Structure formats: C-alpha cells, structure tokens
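Novice: Sharing a sequence plus its predicted fold:
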Amino acid sequence: MTAAPTAPGRLGQPLTPSEAQTFLMDLDDWVRARRLELDELDAAALGAGRGDEISADMILSMAVWQAVQQRYQLLNATFDGGRVGPIEAERLSTLVWGRLDGDLGNGLAVSLPEACRLSDALAGQIQTKLALIPGADASAARIKQLRANLERVRDQVDLEPSSSRDAARSTLGGLSRRLEDITARAQRGADVGGLLPPLEADASVFERDLIVGNSQRRAARHDLEATRELRTELVARAAALTSLVTLCVRTVDPAPRYAVPDVEALGPVPNTPAEIEGHRRKLERVGQALGMAEGAYAAALAEHRQLIDLLDGLHAKAAAHGLADVADLKASEQQARGVLGRQPAPMTVARSLVAAYQSWLTQLLNQESA
C-alpha cells in the first residue's frame, strides 16, 4: 500500500520552492497510486460479493481522496512550475496545512497531511477487512504493515493534549505489546492468522479515532481564532483559484466559467461574538462558491491529463504489438498529440481524436488476430 508523503514545514512557515516541488511530485504519485488502489479494492470487494461490507469505508475513502486531489490541483497551480515568490510560498504553506473542503462526514475538518494519513488508515482498514494481502509470507507482510501503522499512531499520539496523552500512550503500548507477542509467536513458527485481524482492526480504529479527535479539538477552538484562520485560508484559496483559472483557460477550451469570489470584500473579522458568527457564515458561503469553482476547473484540467495518459497507454499497447509506426495509426497519434498540445486545447476535438486513435488501434488489433 502506498504511504502518504511527508508534508514540509508547518502552518505559517513559508515553503521553499525545492520543498514544494518535492512534495508536489510525491503527492502527485500518491494521488495516482491511491486512486488505483481504491479502484482495485472496490473491484475485489464487488468480485467477492462483499461490496456492502466496505461501502461506508469506500465512500469516505473516495471523499477524502477527492478532497486531496482537488487541493493538489490548487497547490500545483500556485507553484506554477517553480515561479514562487514570498507571497506564493506563504499560500503554499496555508494550502498544505489549512483545512480541506469536502463532504467527509461528522463535521470532519482535516489538513492535507491528516487527510493523507486518514486515507492510508482507511485503505489499510478496507484491505484488512477483505484480507487482500497475498503470498506465502502473508503473516510477515501483515506484521510489517502493522508496524508501519503503529508508527503513524505514535506520531498522532504526540499531538494529543496532556489530559488524554497518557491514556493514548497506554492504548498504544497495549497494541505494541500485542504486536510483539504475535511477532514472537510467528518467529517460533506458530500460526498467527487468527490473532492478526483483531489487532489490525483495533489499530486502524484507534488511528482513525486519533485523527478525528485531533480535528475535532481544532474545530472547537475559540470562534475568533477559527474564523480568522478560515479567512486566511479562503484568501489563499482564492489566490490559488485565480492561478488555477489562468492555467485552465490556457490549457483547455472550453474552460469552465466561474467568478473567483473576493474574500477581501467582506472586510476583516470582527471581534464581537455576535458579529463573528454572521461573518463566519458569509465566509462559509464564499468557501462553498470557491469549492464549486475549484472542482470545475480541477476536473477540466484532470480530463486533459487523462486524455494524454490514455493516449500514452494506447501508444504503449500499439508499440507492444509492433503497430505504433503503421501510417494511419501514427498519423492519428500525431494529430491527437498536436491538438492536446495546443494552448488552449479544443477538448471536443481532442476527445474525438483520442477516440479515433483508439478505434484505429482496435481495428488493427482485430486484423492482426484474424
């Protein structure tokens, strides 16, 4: 299972261009790999007739993945190929460590690193439920995964407040002792298959509870601090969305048509409790408008990327069959790549040309097999 990348810096600490570039590359790999893993888990569950068993976890996993993928698009647009000044560096930090939007349930508001760790925990939980760790060394692989799980839990325990940290450490200690006992039994040649599932379930639930508990404590901070934080995030998101709009308009045609809300027009956060609540509601409406626009522009860019990936995959298939240089197929590929490489790329034409290349390849493969 793909592990979440380590996020650089912390909230309020600007990211350097090199930190941002490394994190964005790792996050891009993680987003792609996690979607593939979730698709494979979902297919395996449906194939085994166990789709209902993991339905809730899969829905939450997909919601978390979508929120992370959308934030990645904003980060990538803000990074803009490395053109990062002091303002962009601060926005990148805010986008990494600020709260994600999305329907995550139970009022859950998590940062990007927390969402990635939550996705890791959920994927591990689904994998455990389906018992999808194959091979002769299944127990060893599961023990190794449990160790990684408990290391993530250890990091999360350190974030607990002093009032609950000792209890969390005690629970972690109990899980660690159970794992060491199972490891010792396995090393002696004992069958530990029956001991692993309960420990895997307990570790996953504990990790998820810690992540959710941490997010709930943050959500319960003083209203003034939370509203100021929300405003800062929205300002950064609006600026990032402006970059995303520019990138999208430059990349695809037609591009979505959404106005970028002006957060600054709402003025500063007031200090009185009665006014703070009303101001926060206005900010939340702005956040919803930003979310709609972000989703539309991110989806448009994602489709362009997907068409390129599909064309690359089809070309690789053609090459594997020795068909890549067939005149009609090669001309179709060149035409499709030429249109996809335009700025902006006419998407209706691009879809048709990629589909045409796929049709050519299908015909040639059918002729080859005839």
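Specialist: Nice, thanks for sending it over.
Novice: what's the longest helix in this protein?
Specialist: Assignment by DSSP state H gives helix 273-320 as the longest helix of the chain.
Novice: and that helix, what does it pack onto?
Specialist: The contact analysis (3 or more CB pairs under 8 Å, 6 or more residues apart in numbering; DSSP states H and E) places helix 273-320 against helix 55-79, helix 223-251, strand 252-253, helix 327-340, helix 347-369. Any C-beta I mention is one placed from the backbone N, CA and C, and that applies to glycine too.
Novice: Asp29: helix or strand, and which one exactly?
Specialist: helix 17-47 (DSSP states H and E).
Novice: Can you list the helices and strands that that helix packs against?
Specialist: helix 55-79, helix 86-97, helix 112-130.
Novice: Just want the angle from the shortest one to helix 55-79.
Specialist: Angle between the axes of helix 86-97 and helix 55-79 is 170 degrees (criterion: axes from the mean of the first three to the mean of the last three CA atoms, to 10 degrees).
Novice: Save the helices and strands packed on helix 273-320 as JSON lines, and put in mean pLDDT, mean neighbour count and distance to Trp97 too.
Specialist: Putting these into JSON lines (pLDDT from 0 to 100; neighbours: other CB atoms under 10 Å; distance: least, CB to CB, whole Å) gives the following:
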{"stretch": "helix 55-79", "mean pLDDT": "91", "mean neighbour count": "20", "distance to Trp97": "11"}
{"stretch": "helix 223-251", "mean pLDDT": "91", "mean neighbour count": "19", "distance to Trp97": "9"}
{"stretch": "strand 252-253", "mean pLDDT": "96", "mean neighbour count": "20", "distance to Trp97": "30"}
{"stretch": "helix 327-340", "mean pLDDT": "95", "mean neighbour count": "16", "distance to Trp97": "35"}
{"stretch": "helix 347-369", "mean pLDDT": "93", "mean neighbour count": "15", "distance to Trp97": "34"}
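Novice: so can I have CSV of those showing distance to Gly85?
Specialist: CSV is the format used below for these (distance: least, CB to CB, whole Å):
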stretch, distance to Gly85
helix 55-79, 11
helix 223-251, 12
strand 252-253, 27
helix 327-340, 31
helix 347-369, 32
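Novice: picking up where we left off before, tell me the mean pLDDT over the helix holding Asp29?
Specialist: Across helix 17-47, the average pLDDT comes to 90.
Novice: what is the orientation angle of that helix with helix 112-130?
Specialist: 20 degrees.
Novice: burial measure for the residue nearest to Gly82 when sequence neighbours are not counted, as a count.
Specialist: Nearest non-adjacent residue to Gly82, counting by CB to CB, 6 or more residues apart in numbering: Pro17, 5.5 Å away. Residues lying near Pro17 (other CB atoms under 10 Å) number 15.
Novice: Of all the helices and strands packed on helix 17-47, which one comes closest to Leu314?
Specialist: Comparison of those against Leu314 by CB to CB identifies helix 55-79 as nearest, at 23.5 Å.
Novice: Which elements pack onto that closest one?
Specialist: helix 17-47, helix 86-97, helix 112-130, helix 223-251, helix 273-320.
Novice: Figure out how far that helix is from the centre of its chain.
Specialist: 4 Å (CA atoms, centre = their mean, to the nearest Å).
Novice: could you give the angle of that helix to helix 223-251?
Specialist: 70 degrees.
Novice: Between helix 273-320 and helix 55-79, find me the angle.
Specialist: 90 degrees.
Novice: What is the neighbour count of the nearest residue to Leu266 once chain neighbours are set aside?
Specialist: Residue nearest to Leu266 in three dimensions, not counting chain neighbours: Lys282, with 5.6 Å by CB to CB, 6+ apart. By the criterion of other CB under 10 Å, Lys282 has 14 neighbours.
Novice: for Pro256, same thing?
Specialist: Pro256 is flanked by 16 other residues according to other CB under 10 Å.
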